[in-house]
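Trainee: Sequence below, structure please.
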Amino acid sequence: MTVAEFQRLIDATFGAKDRGRGLEGTFMWFTEEVGELSRALRRGAKGAALEEEFADVLAWLSTLASIAGVDLEAAARAKYAAGCPRCRGIPCRCAEPARPAAG
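Mentor: Residues are numbered from 1 along each chain as shown. Okay, the predicted model is just below:
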């Protein structure tokens with residue numbers, strides 16, 4: 001399944017509900033799913049449990065894009081088809097920015 005096919009499937013399945021909830025309400029659901037993925041990664045989840053969390057995040061991202069009128073596949077192609085948007089490298093050759101210490 002392509003990204004575009006997935007986005008169309010999610011829109012056909014959930015689009016009416018998601019548009020009724022609006023962009024802000026749907027974004028809140030998306031952030032909740034990202035939190036669930038974060039917890040699964042921190043706990044070392046593997047296999048189907050981890051795949052489900054990634055799939056949920058992708059589904060909510062897809063529905064947000066649909067509500068906003070963004071074709072995810074086209075957007076990804078436009079930004080990343082040539083590699084890193086900054087250095088155009090594959091793999092990226094950009095220096096890694098310093099990360100703040102966890103506090």
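Trainee: So which elements touch the helix ranked longest in the chain?
Mentor: Secondary structure of the chain read by DSSP state H shows that its longest helix is helix 3-42. Secondary-structure packing of helix 3-42 (3 or more C-beta pairs under 8 Å, 6 or more residues apart in numbering; DSSP states H and E): helix 47-68, helix 72-80. From N, CA and C alone the C-beta is placed, and that goes for glycine too.
Trainee: what separates that helix from the chain centre, distance-wise?
Mentor: Centre-to-centre, helix 3-42 and its host chain are 9 Å apart (C-alpha atoms, centre = their mean, to the nearest Å).
Trainee: buried stuff in it?
Mentor: 3, 6-8, 10-11, 14-15, 18, 21, 26-27, 29-30, 33, 37, 40 (16 or more other C-beta atoms under 10 Å).
Trainee: Repeat that for stretch 56-70.
Mentor: Those would be 56, 57, 58, 59, 60, 61, 62, 63, 64, 65, 66, 67, for stretch 56-70 by 16+ other C-beta under 10 Å.
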